[in-house]
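1. for reference, the sequence and a predicted model appear below.
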Amino acid sequence: MIIRRSLLRQGCRALQFRGLTPYRRFLSSEIDGINTTSDSLIDTQVLASREAEETDPGPRDTFAAQNYENFKHQQQMLGKLGSIVEPHYQPHTLVNNPPRPSEVTLELLLASQAHLGHSTSLWNPANARYIFGIREGVHIISLDVTAAHLRRAAKVVREVARRGGLILFVGTRPGQDRCVVKAAELAEGCHLFERWIPGTITNGQQILGKCTMKVVDEFDREVKEFEDQIADRPVLKPDLVICLNPIENYILLHECGLNGIPTIGIIDTDANPTWVTYPIPANDDSLRCVQVIAGVLGRAGEEGQKLRKEAAANGHITFNPARNLEMPDKEKIKEVARRRTSGLDYEEELGIGAALMQEPKSKEDELD
Amino acid sequence: MKASSLSIGFRRATCSFCRLSRQAQYESNGFRSFHPPGVSRRHLATTTTSPVTAAPELNFSKRDGKPIDERLLKRVRIVPASPSYFSGKPVFTDGLLSMQALLRKFQTLPCVEPNDAPRVAWKRFREYLGQVNEPVKAAKYHKIIQILQRLNRIHPSLMPEEVTEAMKRYKRDVNPHDNQAKPSFVDENGVSRGLGRRKTSTARVWLVEGEGEVLVNGKTLTQTFGKLHDRESAIWALKATNRTDKYNVWALVSGGGTTGQAEALTLAIAKALLVQEPLLKPALRRAGCVTRDPRIVERKKPGHLKARKMPTWVKR
C-alpha cells in the first residue's frame, strides 16, 4: 500500500510546493516601528520582486497531468502484485451491488449485526415473539424470524412493483442516503433521505403541489401529449412505503395508516411493531444491517419491474391505468410532434405515434 | 394461372422471388399503366389491364371494433417525474445527488490548493431560490457549494468536461474580476489622497512631498491635539517609516473626539502614503496603521443600565 501511494504523494507534494514559505521566516513581527532601519524596507523590496516572479505558475504545473498518467500506468502494471487477500467484507458492495432475496442467509444477517437489539430495560414487550434471548443485558433478535419476515417483505415489494405500484424508500438517518437512493433506483420508485415533512400525504397538495408528474405507457415511455391534463391533477401518494428507521418517522407511518398505505419497517426491540404492516425485526442502528435490508428490498423491486416489463412485452397490462384522462386533441398531438422535430424536446420519447403503432400483441390477432 | 386459384402461402413464397423482376417484366412488355412493386401481391399473376381490383386485406388488429386511440388510455399511468418527488424539493435533491455522484467519480484526481484554484462566483442563495422555486434552506444549498468548491480544485490540466458542464449550472452570470477597485494615484502636483475613519471620526488627507509640515483643519498639530499621544499617533505612519521630514500633510477631520480624530488621521495618512510608496505596506502593517479599527461604542440594551452594566442585584 505504501509503495502504491508513494508516487501519488510525491506528485501531491510537487503541486503543494510554493516558493513563498521560506521568505516568511525573514519577516519578523518583533521590529519596533520607531526604531526600524532601512532593513525592513529592503525586505519589502525583496518581497515585492519575488512576488512578481511568483505570479506566473511556471513549468511545475505542466507536469501534473503527466505525473497522474504515470501514476495510473504504474497502478495498472503493478497493482495486482502482492499478496492475495481472502474474500472479505467490502462495504461498498452492499450499496453498489446489493444482495438479492435469494442470497439472504443467516450468516449474512449475523455478520451485518442484525441480531443485536437494545438493552432489556428499553424493550417493547410486543416484540417478545421476535426475541431469541438475552446476552450481556441486550436482547438478541432471532435471525430465522428476521429472515422469514424479510423474505415476506421482499415478496410484497416484488408484487407491488409488478403491478406498477409506486414504492417509497425512506431512511432519514445520516449515512442511509446512499442505500435508500440505490434501492429506489433498482425498484424504479422514489426515495427520501431528508426529514419527512409532516403532511406530505394528508396535506399533499400544499407540499407537493409544485412537484411535477408524467404520464408513461406500459413500456415506461413518457407520453408528452397528456402534459396539460396532469397539470391540475391531485398529487400522488405512494402505494407502499418502506421505512428504515420507524422510531424517528412515526408521523410518516401514522399518515400512511390514515390513508391505507401499507408500510414495511425495520422493527428493533424498542420499536412498536404495530406501527407498520409488515415488520422486519432487525437492528435499525447498524448501518450495515440497514444497507442489507434496503438492498434486498431494492432487488425485489427490480425483479418485480422486470416481471412487469415482460408481461407488457407479451401484451398484458399488470397495472391499473390512470383514470379520468381524455384522449388529447389533434392540436396537442401536432404541437408535440412539432417540438420533437424542431429538437426542443431533447429526450427520445416516441410519444403517441409509437404508442399507437406498437399495440400489445395478443393471440387473437395472428392469422392462420 | 389465376390469382384466386393460388393459395395465400404460395403467393407469399413466390412474391419475394418475383418482386425484383416485376418492374423489368412490365417495362419490357411495354405496359402503360405501371403498378410499382409492393402495392398488391394480386398483380403478380394477373395483367394490369384486368378490370377487377381486389379489396384491401383485412385488418385484424382492431379488436372489438374500438378505435386504437381509446385503447391508449388503458395503457398509461401517472408517475412522478423525479424519484425525489416526496421530498417536496425534487430539483434541489436531484442536483445534490448528481453533484455527490460527480465528486465520487472524480475524487481521486489531483487537486490544487484552495488559493490556487480559479476564482469563481457561485450563484447566491437568493438567486438559486428564485430559479428553483422550492423551499430549500441556505445550509442545504451550502452543501452543494462545498462540493462545487472541491470540484473546482481539480487540477486545471485534468479537469473533466463533465465537471465543467456541471459547474456552469451553478455559476453566477458575472465575472468576479469585473469588480476592480478604483486605482488611487498621485496627481500632476504630486498629491495623493487618503481617507481614514475611527469610531465616528472621519479624516481626509492630502499628502505631498515636502518639508514635514502638518496642518489639521487649518491648525498645527500642537494646536489640534493637546495630548502628546494623540499628536504622535496622528503621524504614526510617517514616523514608523522615517518620513516625517519628507512629506507635507493637509488634513480635514470631522466627527468624534480627540483620540478618534487622531486615529482616523493615522489610517488616512497611511493610505495616502501607500499611494505614493506601495512597497511600504508590510512595514506599515507591522506598525498597525493599515487595518481600520472596527471598534465602535456598544449600544445600550434593554434591561441594562449601559451596554453591559446591570442594575443592582436584589435578592427578593
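-> Sure, I can see it. Residues are numbered from 1 along each chain as shown, chains lettered A, B, ... in the order given.
2. for the stretch 1-150 of chain B, which segments count as helices?
-> Along the stretch 1-150 of chain B, the segments classed as helices by DSSP state H, counting those that start in this stretch run B:8-29, B:68-72, B:90-106, B:125-132, B:138-152.
3. for chain A, what spans make up the helices?
-> A:2-16, A:21-24, A:38-54, A:63-78, A:91-96, A:106-111, A:143-162, A:177-187, A:204-208, A:250-258, A:287-313, A:330-342, A:351-357 (DSSP state H).
4. make CSV from those and add mean neighbour count to it.
-> Glycine gets a C-beta too; all of them are placed from N, C-alpha and C. Below are the helices of chain A laid out as CSV (neighbours: other C-beta atoms under 10 Å in any protein chain shown):
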stretch, mean neighbour count
helix A:2-16, 13
helix A:21-24, 10
helix A:38-54, 13
helix A:63-78, 14
helix A:91-96, 13
helix A:106-111, 14
helix A:143-162, 20
helix A:177-187, 23
helix A:204-208, 17
helix A:250-258, 18
helix A:287-313, 22
helix A:330-342, 13
helix A:351-357, 16
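5. for residue B:185, find the nearest of the ones you listed.
-> Checking the helices of chain A against residue B:185 by C-beta to C-beta gives helix A:38-54 as the closest, at 18.5 Å.
6. what mean pLDDT does the closest one have?
-> Averaging pLDDT along helix A:38-54 gives 54.
7. before we move on, the earlier item: rank the helices of the stretch 1-150 of chain B by pLDDT, which is bottom?
-> Looking at the helices of the stretch 1-150 of chain B, the bottom one is helix B:8-29 with a mean of 51.
8. mind listing what residue B:274 touches?
-> Counting by C-beta atoms under 8 Å, 6 or more residues apart in numbering or on different chains, residue B:274 touches B:194, B:280-281, B:284, B:290.
9. center of chain A - which residue?
-> A centroid search over chain A (C-alpha atoms, centre = their mean) returns residue A:181, at 1.6 Å, as the residue closest to the centre.
10. show the contacting residues for that one.
-> A:191, A:193, B:83, B:97.
11. now, the most widely separated pair of these?
-> A:193 and B:83 (11.1 Å).
12. lowest confidence element among the helices and strands of chain B?
-> helix B:8-29 (a mean of 51; mean pLDDT, DSSP states H and E).
13. out of the contacts of residue A:181, which is most surrounded?
-> residue A:191 (29 neighbours; other C-beta atoms under 10 Å in any protein chain shown).
14. gap between it and chain B?
-> 5 Å (C-beta to the nearest C-beta, to the nearest Å).
15. quick check: bridge partners of that residue?
-> Going by DSSP bridges, residue A:191 is paired in beta bridges with residue A:169.
16. per-residue confidence at it?
-> pLDDT at residue A:191 comes out at 98.
17. pretty sure it contacts residue B:80?
-> No: counting by C-beta atoms under 8 Å, residue A:191 does not reach residue B:80; the two are 10.8 Å apart.
18. what subset of the contacts of residue B:274 is also close to chain A?
-> Among the contacts of residue B:274, the residues that sit close to chain A (C-beta under 8 Å from any C-beta of the partner chain) are B:280-281.
19. possible to save the contacts of residue B:274 as a markdown table with neighbour count?
-> Shown next, in a markdown table, are the contacts of residue B:274 (neighbours: other C-beta under 10 Å):
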| residue | neighbour count |
| --- | --- |
| B:194 | 24 |
| B:280 | 22 |
| B:281 | 17 |
| B:284 | 24 |
| B:290 | 18 |
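20. can you list the residues of the stretch 51-200 of chain A near chain B?
-> Checking the stretch 51-200 of chain A against chain B by C-beta under 8 Å from any C-beta, the hits are A:61-62, A:64-65, A:67-68, A:164, A:166, A:168, A:181, A:184-185, A:189-192, A:194, A:197, A:200.
21. quick check on the nearest residue to residue A:292 once chain neighbours are set aside: phi, psi?
-> Among residues not flanking residue A:292 along the chain, residue A:112 sits closest, at 4.7 Å (C-beta to C-beta, 6 or more residues apart in numbering or on different chains). The phi/psi pair for residue A:112 (degrees, to the nearest 10) reads phi -90, psi 10.
22. just checking, residue A:112 touches residue A:288?
-> Yes: the criterion here is C-beta under 8 Å, and residue A:112 meets it with residue A:288 at 4.5 Å.
23. which strand or helix spans the nearest residue to residue B:102 once chain neighbours are set aside?
-> Distances taken as C-beta to C-beta, 6+ apart put residue B:166 closest to residue B:102, at 5.7 Å, once the chain neighbours are dropped. Per DSSP states H and E: residue B:166 is located in helix B:161-168.
24. would you map the strands across chain B?
-> Secondary structure of chain B (DSSP state E): strands at B:77-80, B:191-198, B:201-209, B:214-216, B:219-220, B:247-254.
25. as JSON lines, those strands with mean pLDDT would be great.
-> Listed next are those as JSON lines, based on pLDDT from 0 to 100:
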{"stretch": "strand B:77-80", "mean pLDDT": "97"}
{"stretch": "strand B:191-198", "mean pLDDT": "97"}
{"stretch": "strand B:201-209", "mean pLDDT": "97"}
{"stretch": "strand B:214-216", "mean pLDDT": "97"}
{"stretch": "strand B:219-220", "mean pLDDT": "96"}
{"stretch": "strand B:247-254", "mean pLDDT": "97"}
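26. okay, the ones you listed in CSV with distance to residue A:306 next?
-> Formatted as CSV, the strands of chain B follow (distance: least, C-beta to C-beta, whole Å):
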stretch, distance to residue A:306
strand B:77-80, 17
strand B:191-198, 72
strand B:201-209, 76
strand B:214-216, 87
strand B:219-220, 93
strand B:247-254, 81
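27. run through the residues that contact residue B:88.
-> A:197, A:200, A:207-208, A:211, B:134-135.
28. can you put these in JSON lines and add distance to residue B:51 and pLDDT?
-> Shown next, in JSON lines, are the contacts of residue B:88 (distance: C-beta to C-beta, whole Å; pLDDT from 0 to 100):
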{"residue": "A:197", "distance to residue B:51": "76", "pLDDT": "97"}
{"residue": "A:200", "distance to residue B:51": "72", "pLDDT": "98"}
{"residue": "A:207", "distance to residue B:51": "72", "pLDDT": "97"}
{"residue": "A:208", "distance to residue B:51": "68", "pLDDT": "97"}
{"residue": "A:211", "distance to residue B:51": "65", "pLDDT": "96"}
{"residue": "B:134", "distance to residue B:51": "72", "pLDDT": "96"}
{"residue": "B:135", "distance to residue B:51": "76", "pLDDT": "96"}
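29. PyMOL command for the buried members of those?
-> Selection of buried members from those for PyMOL, criterion 16 or more other C-beta atoms under 10 Å in any protein chain shown:
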select buried, (chain A and resi 197+200+207+208+211) or (chain B and resi 134)
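30. which of the contacts of residue B:88 lies closest to residue B:265?
-> Looking across those and measuring by C-beta to C-beta, the closest to residue B:265 is residue B:135, at 51.4 Å.
31. the closest one and chain A: what is the separation?
-> Distance from residue B:135 to chain A, by C-beta to the nearest C-beta: 9 Å.
32. need the contact list for that residue.
-> Here residue B:135 is in contact with B:88-89 (C-beta under 8 Å, 6+ apart).
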